[in-house]
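J.: Below is the sequence, then the predicted model.
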Amino acid sequence: MEEHVKTTIKLLPSLLLIAAAVVLVTGCNRKEGWSLNRQSTDGQARESIVIMFAGTEAVSTGQSRMMQEVANKLNASGRFYVDVQVNSALSNDVDDMVTQARNGAPLVVPSDPGRLASQFNIPDLNILMAPYVLTDITVLEKLPDAALFKEWQGKLEAQGLAFVANMYNGFRSFYTTTPVNEPTDLKGLRIRGFSNNIGAALAKYLDFVNVGVAWGEVPAGIQQNTLDGCEVQVSAAYNAAVYKAAKYLILTKHYMLQSSFICSAALLNKMTEADRKFFLDTMQQTASKYSHIIASQEEMYYRQMEDEGVMITRPDLSAFQSAIAPLYANNDMGFTDGLKDRLFRELGL
């Protein structure tokens, strides 16, 4: 109980709705997991599983809407008590929230394969978001059945995390304050990108300065000229109004961003078999649904940005792919020999 109370205190006040409910209503936080007694329709007390979904994206993005839909489905079952906190309401530090989940907080957090690979020392997991490796969102539906994916799940579980769903969240491209038409135009630009091994590798071979700041600081950074731009998915760029200061967008589509939803392995394992299956099925089916919704809305966002005066360049990607090629020849990511071939084989590519 003491460890869980410490975790609760670290997350207050944002976890107040859930953590305080567990501590104050039930009087304790049981070893087997977070739970809350609620009245069911037949008047009998039922123990519900308490969870908070926590993300950094705006409430209107596909990722945030996906989490809210999952929460609604789980809550409607009467077996879960789920709250959703997005737009960095809990924290703007994804890695820290993932750490809190690993330490036992009842969180479901959308991270991504690159972050998880760096944070938990699983280099091969980077292949899912390595530049220009995966380019077809439909392959993600096959991913849960791949032996490689199950191996990565096992490595995360050994460190206290359950990798419960993976969702397409948009191709990432460059939004800049000066025109970019080819790789050399990025040279020396201060670009906000991923603060992980993938981000460092991309900056190395496209020769820009990778600036690791929280996403919430990006619009102001571009407006104040401390940043020359960012690389991000279109929904996040639009909802953060990045286009107001970064008037140039080049559709390099270098990463196929994925939202990798994780939670505490203990939280998942303490559920009954039926509850765990319902939770996982709901997560994975809703993730699949929103992968397609997010993909279908990208062109809408591009058109809206053009209406706001953004100049969009749709380049021949071969120059960018050639610039990135040494990343794989030099094996900067430390991939296991034959990893790409194995992944493609298991995904039927």
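T.: Nice, thanks for sending it over. Treat the numbers as computed from the prediction; the structure is a model and nothing was measured.
J.: could you pull out the strands for this structure?
T.: Under the criterion DSSP state E, the chain contains strands at 35-39, 45-54, 80-85, 107-111, 161-176, 190-192, 209-211, 229-233, 248-264, 311-313.
J.: Can I get those strands in CSV including mean pLDDT?
T.: Below are those laid out as CSV (pLDDT from 0 to 100):
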stretch, mean pLDDT
strand 35-39, 51
strand 45-54, 86
strand 80-85, 96
strand 107-111, 97
strand 161-176, 97
strand 190-192, 98
strand 209-211, 97
strand 229-233, 97
strand 248-264, 97
strand 311-313, 98
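J.: These: which one's closest to E273?
T.: Across the strands of the chain, the minimum distance to E273, taken as CB to CB, is reached by strand 45-54, at 13.3 Å. The way it works is simple: take the backbone N, C-alpha and C, and place the C-beta from them, glycine included.
J.: could you check the angle strand 80-85 makes with that closest one?
T.: For strand 45-54 against strand 80-85, the angle by axes from the mean of the first three to the mean of the last three CA atoms, to 10 degrees is 20 degrees.
J.: and strand 45-54, what does it pack onto?
T.: strand 35-39, helix 62-76, strand 80-85, strand 107-111 (3 or more CB pairs under 8 Å, 6 or more residues apart in numbering; DSSP states H and E).
J.: Flag every buried residue along the longest helix along the chain.
T.: Ranked by residue count under DSSP state H, the longest helix found in the chain is helix 273-307. Using 16 or more other CB atoms under 10 Å as the burial criterion, the residues of helix 273-307 that qualify are 275-276, 278-280, 282-284, 286-288, 290-291, 294-295, 297-298, 301-302, 305.
J.: can you check stretch 245-258 too?
T.: So for stretch 245-258, counting by 16+ other CB under 10 Å, buried means 245-258.
J.: Distance to L140 added to the strands of the chain, as TSV?
T.: TSV is the format used below for the strands of the chain (distance: least, CB to CB, whole Å):
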stretch	distance to L140
strand 35-39	32
strand 45-54	20
strand 80-85	23
strand 107-111	14
strand 161-176	6
strand 190-192	25
strand 209-211	26
strand 229-233	15
strand 248-264	7
strand 311-313	26
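J.: out of these, nearest to G199?
T.: Of the strands of the chain, nearest to G199 by CB to CB is strand 209-211, at 5.3 Å.
J.: about what we covered before: what is the longest helix of the chain packed up against?
T.: helix 62-76, strand 161-176, helix 234-239, strand 248-264, helix 265-269, strand 311-313.
J.: ok and the longest one relative to helix 62-76, angle-wise?
T.: Okay, so that is strand 248-264. Going by the same axes, to 10 degrees, strand 248-264 makes 30 degrees with helix 62-76.
J.: what pairs with strand 248-264, and is each one parallel or antiparallel?
T.: Strand pairing for strand 248-264, determined by DSSP bridges: strand 107-111 (antiparallel), strand 161-176 (antiparallel), strand 311-313 (parallel).
J.: related to what we said a few turns ago, and Q321, which of the strands of the chain is closest to it?
T.: Closest to Q321 of these, according to CB to CB: strand 248-264, at 8.9 Å.
J.: ok, back up a step: in TSV: the buried residues of stretch 245-258, plus distance to I191.
T.: Shown next, in TSV, are these (distance: CB to CB, whole Å):
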residue	distance to I191
A245	14
A246	10
K247	15
Y248	12
L249	13
I250	12
L251	15
T252	12
K253	16
H254	12
Y255	13
M256	19
L257	16
Q258	21
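J.: Out of those, which two are the most distant from each other?
T.: Using CB to CB for every pair in those, the one that comes out farthest apart is K247 and Q258, at 28.2 Å.
J.: Pick the most buried one from the helices and strands packed on strand 45-54.
T.: Ranked by average neighbour count under the criterion mean count of other CB atoms under 10 Å, the helices and strands packed on strand 45-54 are headed by strand 107-111 at a mean of 27.
J.: what separates that strand from the chain centre, distance-wise?
T.: Put simply, strand 107-111 sits 8 Å off its chain's centre (CA atoms, centre = their mean, to the nearest Å).
J.: Name the residues that touch it?
T.: Strand 107-111 has contacts (CB atoms under 8 Å, 6 or more residues apart in numbering) with 51-55, 57, 63, 67, 94-95, 97-98, 100-101, 119, 164, 167, 169, 259-264, 283.
J.: do the same with stretch 205-219
T.: The contact list for stretch 205-219 (CB under 8 Å, 6+ apart) reads 56, 88, 92-93, 183-184, 186-195, 199-200, 202-203, 221, 227, 230, 232, 236, 240-242, 244-245, 320, 323-324, 326-327.
J.: picking up where we left off before, for L134, find the nearest of the strands paired with strand 248-264.
T.: Using CB to CB, these put strand 161-176 closest to L134, at 9.6 Å.
J.: and the closest one with strand 229-233, angle?
T.: Interaxial angle of strand 161-176 relative to strand 229-233 (the same axes, to 10 degrees): 130 degrees.
J.: hang on, isn't Y175 packed against E231?
T.: Yes: applying CB atoms under 8 Å, one finds Y175 in contact with E231, separated by 7.4 Å.
J.: what about the two, which has more around it?
T.: Set Y175 next to E231 and count neighbours by other CB atoms under 10 Å: Y175 wins out with 28 against 25.
J.: Enumerate every residue touching that one.
T.: For Y175, the contact set (CB under 8 Å, 6+ apart) comprises G229, C230, E231, V232, A237, V242, Y243, A246, Y248, L249.
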